[in-house]
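Asks: Provide a 3D model corresponding to the input given below.
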Amino acid sequence: MKPYQQVAPHVRERLEIAVLTGERLSLQWADEESDRAYMGRVQPREVVEQEDGRTYLDAIGEDGDPVRIRVDLIRNMPTPVK
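Replies: The predicted structure follows:
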């Protein structure tokens with residue numbers, strides 16, 4: 001597992017805007033356990049901060065299954081970002 005890297009506050013803010021507006025995002029990300037790469041459109045549902053400081057995006061994938069993405073492992077942040 002890759003060590004967690006803090007994300008800038010504006011990144012979390014951008015994801016929260018996507019949740020509030022119902023925006024679908026085309027993201028590329030890595031699985032935190034295997035480092036396997038994924039790409040797809042997701043419907044963000046919630047930005048969650050764990051007690052250990054890690055931030056996750058809970059979303060629904062294209063196939064309707066729930067997806068949990070560690071935010072620091074998103075390889076292409078949606079635009080616009082400050």
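
Asks: contacts and neighbour counts: CA atoms only from here.
Replies: Will do.

Asks: Okay, now the unreliable bits of the chain?
Replies: 79-82 (pLDDT under 70).

Asks: for it, which strand is longest?
Replies: strand 37-49 (DSSP state E).

Asks: What is that strand packed up against?
Replies: Under the contact criterion of 3 or more CA pairs under 8 Å, 6 or more residues apart in numbering; DSSP states H and E, strand 37-49 touches helix 9-21, strand 25-30, strand 55-60.

Asks: What is the second one packed up against?
Replies: Under the contact definition 3+ CA pairs under 8 Å, 6+ apart, strand 25-30 sits against strand 37-49.

Asks: which other residues reach the strand it packs on?
Replies: Outside of strand 37-49, the residues within contact range by CA atoms under 8 Å, 6 or more residues apart in numbering are 12, 15-16, 18-19, 22-31, 55-62.

Asks: Contacts only, for the residue nearest to residue 50 when sequence neighbours are not counted.
Replies: Using CA to CA, 6 or more residues apart in numbering and skipping residues adjacent in sequence, the residue nearest residue 50 is residue 56, 7.8 Å away. Shown in contact with residue 56 (CA under 8 Å, 6+ apart): 47-50, 68-71.

Asks: who wins for most neighbours among these?
Replies: When neighbours are counted by other CA atoms under 10 Å, residue 71 leads the contacts of residue 56 with 26 neighbours.

Asks: and it, what is it in contact with?
Replies: 7, 55-57.

Asks: Of those residues, which is the nearest to residue 35?
Replies: Closest approach between these and residue 35, by CA to CA: residue 56, at 15.5 Å.

Asks: Quickly note the distance from that closest one to residue 71.
Replies: 5 Å (CA to CA, to the nearest Å).

Asks: Good, we can wrap up now.
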